[in-house]
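K.L.:
Sequence and predicted model, in that order:
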Amino acid sequence: MNSILQVKLLLADERNKQKPQSRNLRAHAETTTDKIDKLIETLRAVLRYYRSVPKVLNNILVDINYNDIIAKSNRVQALLKPNSRTEPNDIVVGARFSDAPEGQENHIITYYADAKTIQNTLHDLEEARRFLSERLGGKATAKNFKEPECAIQYDGYGIKKDKIRNIIIDCSVVDSFSVPHITEVPVQDSFLITFYKTELSTENLLEKLKIDDMKYRYSFYGKDTISATKELYEFLNDKVPYLISMISSDLSKLVLDDIKDTSVKEQIQIPDPVNEPVIGVIDTLFAEQVYFHNWVENIDYLDEYEKVGVSSDQRKHGTEVTSILVDGPRLNPWLNDGCGRFRVKHFGVCSNQISITRLVRKIKEIVNQNPNIHVWNLSLGAEDEVSKNFISYDAAVLDELQSQKNVIFVVSGTNDNRNDHSDIIRVGSPADSLNSLVVNAVRRDGTPVSYSRKGNILSFFNKPDVAYYGGDYDERIFAYSPFGKEEVYGTSFAAPWISRKLCYLIDVMGLPKEVAKALIIDASAEWSYKTAPQNLKELTGYGIVPIDINKVLSTDSNEIKFIVYGTSKSYRTTNYAIPVPRDEDGKYPYIARATLCYFPQCTRSQGVDYTNRELSLRFGRVKPNGQIDDINENIQDEIGSHIDERQSRKDFRKWENTKLISKILKMNRPLKSYGDRFWGLAVTSKERLAMRTMGELNFGIVITLREINGVNRIQDFIRACNMRGYIVSELNIQNQLEIYNINQEELTFE
């Protein structure tokens, strides 16, 4: 076995030197007079609707129904353009997908435009239609706008040449205009309602609608969300349905795993804790009479009215989750991960159900008050499926905390506790948290469990992240409850095993959370991951995490695995001098893969366009022209490349905050070298929102090179890195344990 290497590469920052290309219709796209007629009529229908209802807002909320998944750069640029200083992207207030079968969804993007802008857009559409009819025979294609222009006359119309062209190009990607409306309403009595961002604050909106808080009970959460009764929702949906951006359940029954009543009392001895690292737990209550209570700092984090009538049964789930974190290998010897024991700070926040808004408030308070805890286990989840069009309220809060603080949440993938499993339902919140490490369960033989729920999230993001052993109805694992040793199953009991590993990597091995997450995901992914069936990925994510932590922290003797930790500060972060060893013929006898993880800021109000920032990864040999011959054949950022948004998301995981790229050769033939050039990596940063928020964003990369002939070339790689001035160190478990123990010693000054 080879150790994993830490390589401190010299990373350079590069500006974006590409110039915007002139716009044109996409290949095979067209704009016709009939198409413009449809757009004029649907936009007029939007105006007629708002004239028929009482005026509440200064401006108008209008949906543009696109005919594809659309990149930010390909959204409309002339339609709904407010003025010369403001772009249509500046007035976007939401995004969702159409109600089409999976894989065929198109973007629906919501704009907040004033009436004058809409009237101007109608005028511009009419002029563009007249131009199309008189100059191009009623239809425009990409050929019409290629240079040199074929003597097309643009004079005689109420708008200039560039605007006519942009309107026609815009029309080629738009299907229709419409009034915003929601399509998914949970069957509940208590809701979280989120409004589109307008000039009205939520308080002013409710005041303007003359909503009496004595008649309709509600509470404010953030700038745009309220917790409301069913009666208030029905009132809002009747008066201002176009203002409701998102709706989800507030009071959710938590998915607590089934526990077989076979408790066995055992006299188990456990030493007192010394200086072991601490994992934070947010769960149901903890029972302090268990044998490992000295390892747990317990806090019943309940409001006063919640403390009445708490029973021992309400302490089972939280106690069992914590028992695995503290002493899981003792209870399940076949799952001995080599991580030892962990101390736990346990926050009991509920019994069997809790308001989502109350849970969120508690999570924020707990994390802010405990900055020294880096890994948080959250084995709570809702029964309701997550939406296809927006991230749940609680998941968005987890993502915000992880983007701003040095913490990572491990979240259970939730269980399907229905009797009928004829169809597989989507995971429940907060398992749609993108920055969290979400864990589903598998049986001992590695097959998905019978209660599995599936991703993806927002029809695209790869959740769950990984899978681990959580038992099944007929194949349970052991945990410890207030009543003794119990047989249990569920994603709640798969997640804490991953929390143990993450805490070991971060607090014992001293790795940044970006690298730790990348190592977990990389260790779970097989070389054949890219060709695995999609339905399996929806249940197990990138794969099953190895049991032994040594399998995460080492690699086969014919592999070179090294980690790179860096910070994106500009458009592109690069190194073009990674000295990968060659064979005797001067070739590269490897297959390669790389895993990238980062924790971006997100904006829930943007709906399906949730992540604010994208980091794309290219890794491979450096070609004579200085470009990287990417192992994943990623051409997104190359000059002159033409690749649509749907393909970018499918093939290159654009906007995904975890990326695994690989080069799998069909035949074991070495790769040619490009002269004396080395290998390189490039991390390219893009932003989604119109307002630039570019700042420093940390990332972790795990790179693996497998020698196809079985030769161990790790010493050659270390030597070559040292010669280039790179600092290389091995991830040595014993050394890190000694360093950790020294750091935990208390010094006494005389």
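P.N.:
Structure's in. What do you need?

K.L.:
Could you tell me how many residues sit around T567?
P.N.:
15 (other CB atoms under 10 Å). All C-beta atoms are positioned from the backbone trio N, CA, C, and that covers glycine.

K.L.:
So I64 sits against Y112, correct?
P.N.:
No: I64 lies out of contact with Y112 (CB atoms under 8 Å); the separation is 12.0 Å.

K.L.:
So for those two, which residue has more residues nearby?
P.N.:
Each of I64 and Y112 has its neighbours counted (other CB under 10 Å); I64 has more, 26 against 23.

K.L.:
who touches the helix or strand containing the more buried one?
P.N.:
In this assignment (DSSP states H and E), I64 forms part of strand 60-66. The contact list for strand 60-66, computed with CB atoms under 8 Å, 6 or more residues apart in numbering, reads 43, 46-47, 50, 75-76, 79-80, 93, 98, 106-115, 118, 173-180, 196, 198, 242-243.

K.L.:
Of these, select the buried ones using a ChimeraX command.
P.N.:
Selecting the buried subset of these in ChimeraX, with 16 or more other CB atoms under 10 Å as the burial test, is done by:
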select :43,46,47,50,75,76,79,80,93,98,106,107,108,109,110,111,112,113,114,118,173,174,175,176,177,178,179,180,196,198,242,243
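
K.L.:
For V179, give me its contacts.
P.N.:
Per CB under 8 Å, 6+ apart, neighbours of V179: 46, 49-50, 61-63, 242.

K.L.:
just K146 next, same as before
P.N.:
N24.

K.L.:
Please report the distance of the nearest residue to T491 once chain neighbours are set aside from V240.
P.N.:
Spatial nearest neighbour of T491, excluding adjacent residues (CB to CB, 6 or more residues apart in numbering): S412 at 3.9 Å. S412 sits at a distance of 37 Å from V240 (criterion: CB to CB, to the nearest Å).

K.L.:
So for those two, which residue has more residues nearby?
P.N.:
A count of neighbours by other CB under 10 Å puts S412 above the other of S412 and V240, at 31 against 18.

K.L.:
I'd say the more buried one and V439 touch.
P.N.:
Yes: the pair S412 and V439 qualifies as a contact (CB under 8 Å) at a distance of 6.0 Å.

K.L.:
and the residue nearest to T491, what are its phi and psi?
P.N.:
Torsion angles at S412 (phi, psi; degrees, to the nearest 10) stand at phi -70, psi 150.

K.L.:
Provide a list of residues in contact with it.
P.N.:
By CB under 8 Å, 6+ apart, the residues touching S412 are 378-381, 431, 438-439, 490-492, 494-495.

K.L.:
Pull out the CA atoms of stretch 324-337 and give them to me as CSV.
P.N.:
Provided in CSV are the C-alpha atoms of stretch 324-337 (Å, rounded to 0.1, in the frame of the first residue of the first chain):
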residue,chain,number,x,y,z
ILE,A,324,-22.5,4.5,17.3
LEU,A,325,-20.5,7.7,17.4
VAL,A,326,-18.9,6.9,20.7
ASP,A,327,-18.6,3.1,20.6
GLY,A,328,-20.0,1.8,17.3
PRO,A,329,-17.2,-0.7,16.7
ARG,A,330,-17.7,-2.4,20.1
LEU,A,331,-21.4,-2.9,19.3
ASN,A,332,-20.7,-4.0,15.7
PRO,A,333,-17.2,-5.6,15.4
TRP,A,334,-17.5,-6.2,11.7
LEU,A,335,-17.8,-2.4,11.2
ASN,A,336,-14.6,-1.6,13.2
ASP,A,337,-13.3,1.4,11.3
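
K.L.:
what does it rub up against?
P.N.:
By CB under 8 Å, 6+ apart, the residues outside stretch 324-337 that reach it are 268, 270, 279, 281, 292, 295-296, 323, 339, 341-344, 377, 444, 469, 477-480, 485, 493, 496-497, 499-501, 547-549.

K.L.:
Show me the residues you listed that map onto strands.
P.N.:
Using DSSP state E, the subset of those located in strands is 279, 281, 296, 343-344, 377, 469, 477-480, 485.

K.L.:
who touches both of S412 and V439?
P.N.:
Between them, S412 and V439 share the contacting residues 491, 494-495, judged by CB under 8 Å, 6+ apart.

K.L.:
which one is E514 nearest to, not counting chain neighbours?
P.N.:
G700 (3.3 Å).

K.L.:
And the strand or helix carrying the one you found, how far out from the chain middle?
P.N.:
Secondary structure assigned from DSSP H and E places G700 in strand 697-707. Per CA atoms, centre = their mean, to the nearest Å, the displacement of strand 697-707 from the mean C-alpha position of its chain is 19 Å.

K.L.:
you'd agree H123 is up against G158?
P.N.:
Yes: if you go by CB under 8 Å, H123 and G158 touch, sitting 6.9 Å apart.

K.L.:
where along the stretch 301-450 of the chain do the helices fall?
P.N.:
316-331, 356-369, 393-404 (DSSP state H, counting those that start in this stretch).

K.L.:
my guess is L200 is in a strand, correct?
P.N.:
No: if the criterion is DSSP: H, G, I helix; E, B strand; the rest coil, then L200 is coil and not within a strand.

K.L.:
Could you list which residues are in contact with it?
P.N.:
56-57, 208.

K.L.:
Then L47?
P.N.:
60, 115, 118.

K.L.:
That one is in what secondary structure piece?
P.N.:
With DSSP H and E as criterion, L47 is part of helix 33-52.

K.L.:
which of the residues in that helix are buried?
P.N.:
If you call a residue buried by 16+ other CB under 10 Å, then helix 33-52 has these buried ones: 33, 35-36, 38-40, 42-43, 46-47, 50.

K.L.:
Ok, stretch 499-512 next?
P.N.:
Neighbour counts over stretch 499-512 (16+ other CB under 10 Å) mark 499-509, 511-512 as buried.

K.L.:
Taking the residues you listed together, which two end up most distant?
P.N.:
Farthest-apart pair in those is R500 and P512; separation 18.2 Å (CB to CB).

K.L.:
quick one: buried residues of stretch 130-140?
P.N.:
So for stretch 130-140, counting by 16+ other CB under 10 Å, buried means 130-132, 135-136, 140.

K.L.:
Skip the chain neighbours and tell me the closest residue to R649.
P.N.:
Nearest residue to R649, sequence neighbours excluded (CB to CB, 6+ apart): F460, at 5.6 Å.

K.L.:
Tell me how far the residue nearest the centre of the chain lies from E656.
P.N.:
Centroid check for the chain by CA atoms, centre = their mean gives L434 as the closest residue, at 2.6 Å. For L434, the distance to E656 (CB to CB) stands at 8 Å.

K.L.:
Likewise for Q188?
P.N.:
Q188 sits 31 Å away from E656, going by CB to CB.

K.L.:
Please point out which parts of stretch 683-699 sit buried.
P.N.:
Quick answer for stretch 683-699 (16+ other CB under 10 Å): 683-686, 688-689, 697-699.

K.L.:
Dump the residues you listed into CSV; add pLDDT and distance to I628 as well.
P.N.:
Shown next, in CSV, are these (pLDDT from 0 to 100; distance: CB to CB, whole Å):
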residue, pLDDT, distance to I628
V683, 95, 11
T684, 92, 11
S685, 92, 16
K686, 88, 17
R688, 78, 24
L689, 70, 28
L697, 95, 20
N698, 97, 22
F699, 97, 17
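
K.L.:
mind putting these in a markdown table, distance to P533 included?
P.N.:
Listed next are the buried residues of stretch 683-699 as a markdown table, based on distance: CB to CB, whole Å:
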| residue | distance to P533 |
| --- | --- |
| V683 | 30 |
| T684 | 30 |
| S685 | 32 |
| K686 | 30 |
| R688 | 31 |
| L689 | 35 |
| L697 | 33 |
| N698 | 33 |
| F699 | 29 |
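
K.L.:
which of those lies closest to E14?
P.N.:
Nearest to E14 among the buried residues of stretch 683-699: T684, at 9.0 Å, using CB to CB.

K.L.:
Please enumerate the helices of the stretch 651-750 of the chain.
P.N.:
Using DSSP H, counting those that start in this stretch, helices in the stretch 651-750 of the chain cover 714-723, 733-744.
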